[in-house]
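Asks: how would this look folded up:
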Amino acid sequence: MRNDSNLDENTNSFYSKNPNTHLAPPIQPICNLECALKKALESKNRRQICDTLDYFLGHVGMNGIFQVVLEKELIFRMDIGHILGQWFIQNANTHTDLKEIEDAYKMPTATATAMNDCSLGEEIYSFVHSSSWSSAVSLDTADKSQIWDHVFQFVESYAGKIPIDVFSHALHGMGHGALFIAASQSDDAIHEIIQGDVCTDAGDYDMSIEFTESQLETALDICSGGTMEMNYMCASGLFMTYWTAKQMKTGYFNKQDFDFSYVSTCHRFPYPAACYRWTFRYATDEQIEETWKKDPCNSAEGGEFLSEVQRRGCIWGLATNIYTVYDKSYFEQQRLEGVADAEIFSLVSYCDVYTKSGRESWKKDWLVCIAASMEAIAFDGVPNEMLPRRHCSQIYKHYKSDRELGEIVAKEGEKMCVDVALTHYNQEWDWRAYKNRIAEITGNNKCAVDGSLCLHGWRVDVLE
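Replies: Prediction:
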């Protein structure tokens with residue numbers, strides 16, 4: 001049996017033996033792959049990680065690699081999912097002689113199966129993000145319809161049942177790719193980076209590319225090719241990349257003084273909730289709290305909201321980032337540790353400010369606040385169904401006798417809370433059933449007709 005356990009420890013390349021040998025011993029290479037990948041990950045060197053993956057591809061195949069990454073929980077380390085997705089698509093486009101990756105759209109079985117395992121959480125989806133954006137970027141075009149068709153094909157390449165959230169994450173990844181594509185089409189130097197080897201340091205686009213607002217606007221047009229629900233998912237990836245890259249590369253938000261207005265960061269853009277979701281992320285706790293106390297998105301300092309949609313988007317971003325106590329401790333854990341209920345930040349007390357605003361849109365504003373607060377929780381996943389149900393019951397208990405809201409509206413608020421919090425706990429749809437359902441509904445905002453059609457907790461029925 002071949003033994004590759006003594007790979008050269010003093011080199012960044014694992015090609016110390018013939019990389020074209022397609023032997024597949026049943027046990028030893030799997031063990032060696034785990035050890036080699038751990039060493040590569042510890043180096044934080046993209047080239048070493050890719051060389052390791054390249055070396056073992058011919059021995060254990062793509063599914064063998066993914067099996068080790070998932071079973072040994074390497075997916076949690078150094079965001080390997082992103083590198084893995086980029087490497088996967090690069091290999092799918094060049095190593096067509098290998099049966100498992102002969103189709104550039106094909107999703108490895110081990111990965112697709114793992115996506116149905118909630119215990120792995122969001123980390124598994126980092127692979128979907130990067131393979132989706134890499135697949136779209138490889139087209140080397142800004143043609144919107146071609147990009148959308150390509151991503152649909154990528155998702156549908158997996159023959160089994162596809163949870164609707166896998167599709168959502170593919171769209172989120174396409175949003176990352178939309179900005180990469182827009183940048184690539186506008187600048188020859190950036191085009192060379194993005195169409196080049198993903199295993200170099202330049203393959204970390206958030207650090208290697210400085211994105212412009214003009215590129216952002218082009219990317220927003222690319223993201224406008226689906227239903228409203230799909231467009232928001234795409235925009236969530238787009239804005240995440242834009243603001244994260246700006247912060248990582250230049251420390252943009254750290255340079256702002258205390259009077260910097262986060263409210264005015266996204267008031268001009270479409271899909272504003274997807275934008276504010278990421279700008280408020282970089283505000284300090286003090287800035288978030290001060291914004292909520294002084295101006296919880298009732299105006300836009302430095303400019304006016306273009307519409308009520310922009311203002312509700314601001315409410316979404318603020319609520320997603322301020323309501324963190326439950327998100328971090330699951331509420332119940334604090335109770336078990338002896339924290340009295342009265343000391344836990346109340347969802348009612350936070351969102352109640354919108355019931356008293358005097359605006360005609362107060363009800364939508366209030367529901368957006370509730371939904372956004374729970375979206376942060378849905379994103380991280382919930383340990384069981386009863387915790388959010390018990391948590392959300394505070395809404396009905398508080399408002400059922402309220403003369404202004406009443407029992408019907410109180411139930412509506414509680415239902416919104418529960419539905420969003422359990423978005424990923426009980427998924428009603430797989431992709432093919434979802435596709436058939438939305439085809440039956442006219443208009444672009446399918447979620448406004450059927451709330452279960454919202455994607456990943458983004459409640460575009462009340463946002464738009």
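Asks: Give me the contacts around stretch 349-369.
Replies: Here stretch 349-369 makes contact (CB atoms under 8 Å, 6 or more residues apart in numbering) with 273, 292, 296, 298, 308, 311-312, 315-316, 319, 322-323, 370, 373, 404-405, 409, 412-413, 416, 459, 462-463. (Glycine included, C-beta is placed from N, CA and C.)
Asks: now, which of these lie within helices?
Replies: 273, 292, 308, 311-312, 315-316, 319, 322, 370, 373, 409, 412-413, 416, 462-463 (DSSP state H).
Asks: Narrow these to those that are buried.
Replies: Buried members of the ones in helices among the contacts of stretch 349-369, counted by 16 or more other CB atoms under 10 Å: 273, 311-312, 315-316, 319, 322, 370, 373, 409, 412-413, 416, 462-463.
Asks: can you tell me which of those residues lies nearest to S236?
Replies: Proximity of these to S236 (CB to CB) peaks at A273, which lies at 8.5 Å.
Asks: Now do that closest one against S145, distance only.
Replies: A273 sits 25 Å away from S145, going by CB to CB, to the nearest Å.
Asks: can you check Y350 too?
Replies: 42 Å.
Asks: what's the answer for L53, then?
Replies: Taken as CB to CB, the span from L53 to S145 is 33 Å.
Asks: what about the two, which has more around it?
Replies: L53 (24 against 8; other CB atoms under 10 Å).
Asks: was I right about the more buried one contacting I65?
Replies: Yes - counting by CB atoms under 8 Å, L53 touches I65, with 6.2 Å between them.
Asks: Next one, pLDDT for K328 please.
Replies: As predicted, K328 sits at a pLDDT of 46.
Asks: same deal with I190?
Replies: 93.
Asks: can you give me the helices for the stretch 201-350 of the chain?
Replies: 205-208, 213-222, 228-250, 272-279, 285-294, 308-322, 325-329, 332-336, 347-351 (DSSP state H, counting those that start in this stretch).
Asks: Let's have those helices in JSON lines, adding distance to Q153.
Replies: Listed next are the helices of the stretch 201-350 of the chain as JSON lines, based on distance: least, CB to CB, whole Å:
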{"stretch": "helix 205-208", "distance to Q153": "23"}
{"stretch": "helix 213-222", "distance to Q153": "17"}
{"stretch": "helix 228-250", "distance to Q153": "15"}
{"stretch": "helix 272-279", "distance to Q153": "24"}
{"stretch": "helix 285-294", "distance to Q153": "41"}
{"stretch": "helix 308-322", "distance to Q153": "31"}
{"stretch": "helix 325-329", "distance to Q153": "35"}
{"stretch": "helix 332-336", "distance to Q153": "43"}
{"stretch": "helix 347-351", "distance to Q153": "41"}
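Asks: K38: which of those helices is closest?
Replies: helix 205-208 (23.6 Å).
Asks: Tell me the buried residues in the closest one?
Replies: Y205, D206.
Asks: What helices and strands are in contact with it?
Replies: helix 188-194, helix 228-250 (3 or more CB pairs under 8 Å, 6 or more residues apart in numbering; DSSP states H and E).
Asks: Tell me which residues are up against it.
Replies: F180, I193, I194, D201, A202, T241, T244, A245, M248, K249.
Asks: CA atoms only: put it into CSV for me.
Replies: Coordinates of each C-alpha in helix 205-208 appear next as CSV, following Å, rounded to 0.1, in the frame of the first residue of the first chain:
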residue,chain,number,x,y,z
TYR,A,205,-10.6,39.5,-3.5
ASP,A,206,-11.8,41.3,-0.4
MET,A,207,-8.2,42.2,0.3
SER,A,208,-6.8,42.4,-3.2
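Asks: average pLDDT across it?
Replies: On average, helix 205-208 scores 86.
Asks: ditto for stretch 417-427
Replies: 80.
Asks: same thing with stretch 260-279?
Replies: For stretch 260-279, the per-residue pLDDT averages 90.
Asks: buried ones in that stretch?
Replies: Quick answer for stretch 260-279 (16+ other CB under 10 Å): 261-267, 269-279.
Asks: Please consider this matter closed, and thank you.
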